[in-house]
Structures are given as structure tokens and as C-alpha cells.
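>>> Sequence and predicted structure are below.
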Amino acid sequence: MMSADCLSNQRQQLSSSELLSCPECGLLQRRVALGRGQVAHCGRCGGELYGVPSGNLDRPLALASAALILFVLANCFPVLGLDVKGRHAEAALLEAALQLRTSGMSLIAGLVLFTTVVIPAMELSGVLYVLAPLKLGVRLPGQLTVYKLIHRLEPWGMIEVFLLGVMVALVKLAHMAVITPGWALWLLGAFVVLSAATSASLHPDEIWSRLADRPQADAGSGPLCRCHDCGWLAPEGDRGLCPRCGSELHRRKPDSIARSWALLIAAALLYIPANLLPVMVTTSLGGTQADTILSGVVYLWVSGSWPLALVVFFASVMVPMLKLVSLVLLLISVQRRWQWRALDRTRLYRITELVGRWSMVDIFVVTMLVALVQLRPLASVDAGPGAVAFGAVVVLTMLAAEAFDPRLIWDALQPSDATLSPEGGRAAMAAQFPHASPAPAGNGVRS
Ligand SMILES: [Zn+2]
Ligand SMILES: [Zn+2]
């Protein structure tokens, strides 16, 4: 290994914009030029780092505008229509959330409203508020704050999960009524595609740089700190604020372990009533039937829709449990500074974070059924107390995953400062992958 002097000399030749730190393992790396369509991945943990900046904002602007128009239209039409014995009912997205409130489930109504209406609308109007003035070369107040907010809210927009919930509701209702898919269903499907394309066409680093109105200091020679919001590398102790976006700087997420444990314990306690109490109560002429999550899965299975039964079982029963178990394992492993299979533990964290939101599917199934089946005295569906506990489990496990800092996994493998120096990073990589060729000071580039 090179001496500390050589190391700082070498780093002084690089500016902050040429360096980056992997958000998942903390390895410091030098940016490499990418070809068209290529994406840079971390040389150590394989996490995605950055793509090729397009240099033009027309594409994301056009896609975000189109997605927003589709979203507004989707809110004007029903998602599903239902006909049974001469009675007709239909429900639009907003109505569905409000119907839950009418049946006394304000908490769940709020959660559904937030994840399917408020966040998607805020995200897209936020993108337009940030990009349109940038394109025109003008500045509007609060653009930087809005862009930060978009990043933080991204995992909470759940239209694609809602659509899966609508599919399950459709299958559940098909035996008792004639179900007609409404216009909103197709519009929301197109919205999901366009909004994914908008995210893919945005190059966050490019936008952060355009938005920054402060001078972006050089990396210097001291230890570096990665901004949690914009990813900029700033010298530690620079009055604690990111020179690019102004967010508070922390070497690791503050109180990561304590916050994750607290959220996780609360989620584990609520997991019990979430599975034991009914999430849905159906009242019909034949009597009243209360359904838990598991009995809902059994119903789908015996009615012949086994693929959907498997999807719901996986999303609603397995995913929350696996999330709880994986996060407990990750937390114990970083607290005990295990060196065992750091790469696999990082992958486990990545999957945990990715699949968590799909557990919301059962909440959306209940939402659609409550909205459509209010055909008293023939039949009516209401949400049960289990739905509140289940919704809380999903939210708490998502927050726990967000609070956990995966870089803590790698901190146990090397002296804490080594992560923040190019040479230390390379040495750590050689130790982790003894048979790999010495890493170039850069990234694994994959197309
Ligand atoms: Zn990494
Ligand atoms: Zn920043």
C-alpha cells in the first residue's frame, strides 16, 4: 500500500466531480467515461452508480408532461365497473380512497390516497417544476428543495402495485358480478410505463449540477463524506453542509442502527394482529364473513386462480416476513461486525428494499372491494382492523429498510477511513476478491 502522503497527493489531483462514493458500499471510485447506453456499476458491490448524461432535457420534459396528462385523465374515469342483479357500481381512484374513509378507515384511506394520488402527482409536477425552468434558463424559488423531495418520495408512489391489486380484486369479484375494466385502468397502465421512462431519462447528477448555485469545492485531502441527497463528495467538517445542495452531511445515515431496530420491532409486533385480525368483512344476505390475509389467499387458490393466489401469498405473507428476518440479520451482522459474505448481505439488502412496496397489494385489493361492493342489502364489503395493522407493517418495514445504511456492512471489512481513500478502497477490493485483477480506479461498466 502507498503511504498516506502519496495517497493524499494522488487524490488532490482529482476534483470532487471526478470522484464518487458508492451509496451501497462506500467505496471511493474515479468516474470513467461511458459509451452510449452504458451504465457504471460499483467495482466492489455491483450497485448501479451512474449512466450517460443526455445533456438535453427535452425527453424527460416530454415524458413527464405526457405522464401527468394521463394521470389527470385517469382520475376522471372509473377504474372498474360492476353489474350485479340490475345494480351498477363503479369506482375511480380518488373515490376508492374516500370510500374507505366513509367506512371508518381514515388511516388506510390516508395511506392509499398518499401512495396512489398525492405522491405520483407531486412527483411529476415536481419534475416539471424543476426541468421546465432549467430548459428555459430561468430559476424559480425552491427548485433544489423540490428535487430533493422528489428523490425522497420516489419509493412511495405505488401505482403499479395498485394495478396488481385491481387485478386481484377483479378475479375475486368475477364470480359474483359482471366486471368491466374502466378507462382509468388502461390510462394508469400507460402512466406506469411513461413515468418509468421519465425516471430512466433523468440523469440526477446532471440536474443537481445545473441546480447548484454554490461553488463546488474540490475534494481536498481530508476524509470525504457523501451527501445523502445529491451524492456529492465533500470534505468532512465543511461546516457540515453539502456544497452542492446544502443538505446536512453525515458520514453514515445518522442513528441508522437504532432507528432501524425501533421501526423493525414496531413492525414485528404489528405483524401478529396484521395476520390474525380480519382485513376485510363481507356482509351479504347469507350472513357476515371475516377474511384474514391468509384466508383471502386460500379463497383465491380454491377458486382456481392459483397464479394470483401465489402472487398475493408471496407479496402479503412472505415478503413482510422475509423483510423482517433479513433486516434483523443485517442489523445483527453490522452490530457484531461480521466479515462474512458482505457482497451477499448487500444483495440481500438491495432485494429487501426493492420488493417491500409490493406488500401493499392486499391493501389495494381491500380498497377496490370496499369501493365497489356497497350494494346493501345484497352485499357490502368493509375493511377490517387487520388492514390498519397490515398497512402499518408495510410502512414501518419500508422505513426500517430506508433507515439502514448498507455501507455499515462494508465498514467491518476495513479500517473506517480506508473507504474514503482511493488506495484504501482498492486494497479492500483486493481483499474481498483475492482472484480478481487489481481494480482500475474506476467502475465495473456494463451495458
Ligand atoms: Zn459499491
Ligand atoms: Zn448534496
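Here it is on my side, so go on. Numbering: from 1, shown residues only. Ligands and ions are numbered 1, 2, ... in the order given.
>>> excluding its backbone neighbours, what's nearest the residue nearest the centre of the chain?
The chain has residue 155 as the residue nearest its centroid, 2.6 Å off, counting by Cα atoms, centre = their mean. Using Cβ to Cβ, 6 or more residues apart in numbering and skipping the chain neighbours, the partner closest in space to residue 155 is residue 357 (6.2 Å). For the C-beta atoms, the positions are set from N, CA and C on the backbone; glycine is no exception.
>>> Specify the local secondary structure of that neighbour.
Classification of residue 357 by DSSP: H, G, I helix; E, B strand; the rest coil places it in helix.
>>> Give me the neighbour count for it.
Per other Cβ atoms under 10 Å, the neighbour tally for residue 357 reads 21.
>>> tell me which residues in the helix or strand that residue 260 is a member of are buried?
Counting by DSSP states H and E, the element that carries residue 260 is helix 256-276. By neighbour count on 16 or more other Cβ atoms under 10 Å, the buried set for helix 256-276 is 256-257, 259-261, 263-264, 266-268, 270-271, 274-275.
>>> Give me the pLDDT for residue 87.
We have a pLDDT of 86 for residue 87.
>>> wouldn't it be in contact with residue 376 here?
No - counting by Cβ atoms under 8 Å, residue 87 sits too far from residue 376 to count as a contact (10.2 Å).
>>> Helix, strand, or coil at residue 360?
Residue 360 is classified as helix under three-state DSSP.
>>> Against residue 108, how distant is it?
11 Å (Cβ to Cβ, to the nearest Å).
>>> any shared contact partners between these two?
Listed contacts common to residue 360 and residue 108 are residue 391; contacts here mean Cβ atoms under 8 Å, 6 or more residues apart in numbering.
>>> Centre of the chain to stretch 154-169, how far?
Averaged C-alpha coordinates place stretch 154-169 at 13 Å from its chain's average position (Cα atoms, centre = their mean, to the nearest Å).
>>> Of all the residues in it, which ones are buried?
Buried, per 16+ other Cβ under 10 Å, within stretch 154-169: 155-169.
>>> Flag the shaky bits of the stretch 301-447 of the chain, pLDDT-wise.
414-447 (pLDDT under 70).
>>> Where does the stretch 51-200 of the chain get nearest to ligand 2, which residue?
residue 148 (8.4 Å; Cβ to the ion).
>>> quick one: pLDDT of that residue?
For residue 148, pLDDT reads 92.
>>> out of everything not next to it in sequence, what's closest to it?
Nearest non-adjacent residue to residue 148 (Cβ to Cβ, 6+ apart): residue 229, at 5.1 Å.
>>> Likewise for residue 127?
In this structure, residue 127 finds its nearest non-sequential neighbour in residue 64, 4.4 Å apart by Cβ to Cβ, 6+ apart.
>>> Then residue 291?
Closest to residue 291 by Cβ to Cβ, 6+ apart is residue 280, at 4.6 Å.
>>> Which residues are in contact with that neighbour?
Counting by Cβ under 8 Å, 6+ apart, residue 280 touches 290-291, 296, 366, 369-370, 381-384, 387.
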